[in-house]
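> Provide a 3D model corresponding to the input given below.
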Amino acid sequence: MTLGKADQQGDLLDDVTRFCDETLDEHSIYSFLHRERDRLFPDEAFADLFDKSGRRSVPPSVVAVVMVLQRLEGLSDREATQRYCFDNRWRYAAGVGGYDTTGWTSFVHTVLVDMRERLRRSESPNRIFDVARDAAKQAGLIGRRRVLDSTPLYDAVATMDTITLIRSAVRGLLKAADAELEATLRGVFTSGDDYATSAKPMVDWDDGAAREALIDSRAKDAYGALLVLDGTELGPVVNQAATLLATVVGQDLEVGDDGIFRIARKVAKDRIISTVDPEARHGHNSSAHGFDGFKGHIALDPDSEIITATTVSAGNVGDASVAEELIADLLADEGPQGEEASVVPGAAVEDGGRAEQPAAHDAEPGDDKRPCVYGDAAYGTGEIQSDLHDANIESKCKTQPPSAKDGMFTKDRFVIDLGDDRVTCPAGVTVTIGRGKDGGGVAKFAAHCKTCPLAEQCTKSHLGRKVRVGVNEVALARARAEQADPAWRADYRATRPKVERKLGHLMRRRHGGRRARVRGRLRVDADFALLGAATNLARLATLKVRSIPGKGWAWGSPGFVVVWLCRFRGLLV
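I've put the predicted structure just below:
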């Protein structure tokens, strides 16, 4: 299929174009896309997705506009192509005009499927998001502050129980095997199950013995199949199916002393919840609320509310693990710093204490020229705080204060001297930190706690109090000291909630919002980036952003743009 190109001229006498010009708000997303389509999505920008010969495709500029409007309005592929066919606003935005022109009057929904797949396989799969972000950046709408947050994305598959997981994995292995290997595998099955359908076996589910026998027989079928494959050279498809089966039976089952397989009374750390989408995971966005699927992460410019980066992770991955990816543009602009050794009152037990020292080029806190990152306590880890400080980025990521059980002394009651590697307790006793191979350490007060008058307020352990000193101790202590400043807290409360509102805008759609429309992390990631791009383009339309031929982008009223252009050309002082 070769690259199809849209008509650049348009029809001045077209009724749809004239009607929409007169009735639509100039700053609606439809008017914005109509005006800027050729600048945002020139057909040539998608040339690498197509071959040199074959029939011509639907112009990518038209398809890109439909994809953007589809994500904004939360429509399925069929609904989106119907809307394009019958809604004049969509046709106006796509630049194809009415029905008596040479423009594309309609196309089938599989064109959208094909375009997403072509983009996914390309070297620049998120080019629509990149175009929208670059336009905002050229218009001066992206500064040096970022707010980070995440939101659950429910998977597009059903969560499977253990029996369904095992049977589905076995069926997947049989399907991947050739006829000879399939016959060999079936020869070791002893349960009597032919694994022909996905339906659960017919047993008395109220009978505990029957359930136990069912689990044991299907587990032995699975392990028998894996023993057949052990040491055999497998193709990539069979190897993938066998790996999935081994993971499924290993995560949920345990064998008793009687040799019978039973469901383990625990949840595996990285448990697969569906063989249809093996990358989906159990996740928690709070201690009381769980979900199945993925997490969508965004970085937001809090002043313009433009999304500067998106990514998707498994549902059980911590928010801080993708922070570096979200602020890659800020990290690329900043250099490393030196290290300091200091006496620090307290730090967190879990993370820890790397000695750091500010370099001479440090900007003052609150300096508008210094990049700044905001985040809730999920991003306030010692590693993130230390990395931001090393990169000369101001941290507005909230770090939780240290805590202790039953009202005992918290860690910040101890004075940690990293220069001399010592810790002093509230009673004035000083001990040396014992360092481990990873750079962290432990200060043990066991020998002094037995006779200490404050022991009842410090520990209930017969081994005495221990204070853990990690590799990021200074960073945590510094962060806690900074966030005690009322000005810090006021700025945090005024800025961070903006990302919550933006996530609400992203998730409000009936189709493709909170619920993923596709399977697999990479496809969900691409779809989430497209949603971010559509939201950004709608924001650019609201902010009255316009392209200046040959000069870039500017925002504001048309009069402002004229003044900006005159100043750019040196016609005004």
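
> Ala447 - how many residues pack around it?
Here the count is done by other C-beta atoms under 10 Å, and Ala447 has 10 residues near it. No exception for glycine: its C-beta is placed from N, CA and C like everyone else's.

> List the residues that contact the residue lying closest to it once chain neighbours are set aside.
The shortest distance from Ala447 to any non-neighbouring residue, by C-beta to C-beta, 6 or more residues apart in numbering, is to Gly464 (7.3 Å). Residues in contact with Gly464, defined by C-beta atoms under 8 Å, 6 or more residues apart in numbering, are Lys444, Phe445, Ala446, Ala447, His448, Cys449, Lys450.

> redo that, cut-off 10 Å
Listed by C-beta atoms under 10 Å, 6 or more residues apart in numbering, the contact set of Gly464 reads Lys444, Phe445, Ala446, Ala447, His448, Cys449, Lys450, Cys452, Ala455, Cys458.

> Separate out the buried members of these.
Buried members of the contacts of Gly464, scored by 16 or more other C-beta atoms under 10 Å, are Lys444, Phe445, His448, Cys449, Cys452, Ala455, Cys458.

> which ones are touching the last one?
The neighbours of Cys458, taking C-beta under 10 Å, 6+ apart as the test, are 404, 408-409, 413-414, 425-427, 445, 449, 452, 464-465.

> Now the contacts of Gly464 in TSV, please, with extra columns for secondary structure.
Shown next, in TSV, are these (DSSP: H, G, I helix; E, B strand; the rest coil):
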residue	secondary structure
Lys444	strand
Phe445	coil
Ala446	helix
Ala447	helix
His448	helix
Cys449	helix
Lys450	coil
Cys452	coil
Ala455	helix
Cys458	helix
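
> Of the residues you listed, which is the nearest to Ala323?
Nearest to Ala323 among these, counting by C-beta to C-beta, is Lys444 at 33.4 Å.

> Next, find the distance separating the closest one from Gln138.
Distance, Lys444 to Gln138, using C-beta to C-beta, to the nearest Å: 58 Å.

> One more: Glu279?
Distance from Glu279 to Gln138, counting by C-beta to C-beta: 36 Å.

> Look at the two and report which has more neighbours.
Glu279 (20 against 17).

> Which residue, other than its chain neighbours, is closest to the more buried one?
Excluding the flanking residues, the one nearest Glu279 by C-beta to C-beta, 6+ apart is Arg521, at 4.4 Å.

> what's the one you found in contact with, if anything?
Taking C-beta under 10 Å, 6+ apart, we find Arg521 in contact with Leu153, Asp277, Pro278, Glu279, Ala280, Arg281, Gly293, Phe294, Thr311, Val312, Ser313, Ala314.

> Going by distance to Tyr195, which of those wins?
Nearest to Tyr195 among the contacts of Arg521, with distances taken as C-beta to C-beta, is Pro278, at 18.4 Å.

> wait, that closest one sits on Gln251?
No - assessed by C-beta atoms under 10 Å, Pro278 is found out of contact with Gln251, at 11.4 Å.

> hey, what's in contact with both of the two?
Residues touching both Pro278 and Gln251 (C-beta under 10 Å, 6+ apart): Ile272.

> still on that earlier bit, which of the contacts of Arg521 fall in strands?
Among these, the residues falling in strands (DSSP state E) are Leu153, Arg281, Gly293, Phe294, Thr311, Val312, Ser313, Ala314.

> so how far is Asp87 from the fourth one?
Put plainly, it is Phe294. According to C-beta to C-beta, Phe294 stands 31 Å off from Asp87.

> So for those two, which sits in the more crowded spot?
A count of neighbours by other C-beta under 10 Å puts Phe294 above the other of Phe294 and Asp87, at 29 against 14.

> Just grab the bridge partners of the more buried one for me.
Taking DSSP bridges as the rule, Phe294 bridges to Leu153, Ala314.

> my read: it touches Phe528, true?
Yes - the pair Phe294 / Phe528 is scored as a contact, 8.5 Å apart, by C-beta under 10 Å.

> list the residues that contact both of these two?
The contact sets of Phe294 and Phe528 overlap at Thr151, Leu153, Val312, Ala516 (C-beta under 10 Å, 6+ apart).

> Look at the first one and give its secondary structure.
When the structure is split into helix, strand and coil by three-state DSSP, Thr151 lands in strand.

> tell me the contacts of the closest residue in space to it that isn't next to it in sequence?
In this structure, Thr151 finds its nearest non-sequential neighbour in Leu503, 4.7 Å apart by C-beta to C-beta, 6+ apart. For Leu503, the contact set (C-beta under 10 Å, 6+ apart) comprises Asp149, Ser150, Thr151, Gly296, His297, Ile298, Leu300, Ile307.

> Now with 8 Å, please.
Asp149, Thr151, Ile298.

> Wait, Val96 touches Val62, no?
Yes - using C-beta atoms under 8 Å, Val96 is in contact with Val62, at 6.3 Å.

> list the residues that contact both of these two?
Listed as contacting both Val96 and Val62 by C-beta under 8 Å, 6+ apart are Ala6, Trp104.

> and after the helix or strand of the chain with the lowest mean pLDDT, which helix or strand comes next?
Every helix and strand in the chain was compared by mean pLDDT, DSSP states H and E; the lowest is strand 343-345, with a mean of 42. Using DSSP states H and E, the helix or strand that directly follows strand 343-345 along the chain is strand 372-375.

> can you list the residues that contact that next one?
For strand 372-375, the surrounding residues in contact (C-beta under 8 Å, 6+ apart) are 144-149, 302, 319, 323, 327, 330, 379, 384, 388, 393-398, 492, 495-496, 499.

> ok, now with 7 Å
144-148, 327, 388, 393-397, 492, 495-496 (C-beta atoms under 7 Å, 6 or more residues apart in numbering).

> residues contacting the most centrally placed residue in the chain?
With distances taken as C-alpha atoms, centre = their mean, the residue of the chain nearest its centroid is Val312 (2.7 Å). Val312 makes contacts with Leu153, Phe294, Lys295, Gly296, Arg521, Val524, Asp525, Phe528, as judged by C-beta under 7 Å, 6+ apart.

> how about the last one, secondary structure?
Here Phe528 takes the helix state, with states given by three-state DSSP.

> Repeat that for Tyr223.
What three-state DSSP gives for Tyr223 is helix.

> ok, and the closest non-adjacent residue to it?
The shortest distance from Tyr223 to any non-neighbouring residue, by C-beta to C-beta, 6+ apart, is to Val249 (6.6 Å).

> my read: that neighbour touches Ala219, true?
Yes - the pair formed by Val249 and Ala219 meets the contact definition of C-beta atoms under 7 Å, at 5.9 Å.

> which regions of the stretch 201-350 of the chain sit below the pLDDT cut-off?
Judged by pLDDT under 70, the stretch 201-350 of the chain has its weakly predicted residues at 334-350.

> the strands in it, which residues?
Here the stretch 201-350 of the chain has its strands, by DSSP state E, counting those that start in this stretch, at 253-255, 261-263, 281-284, 290-301, 306-314, 343-345.
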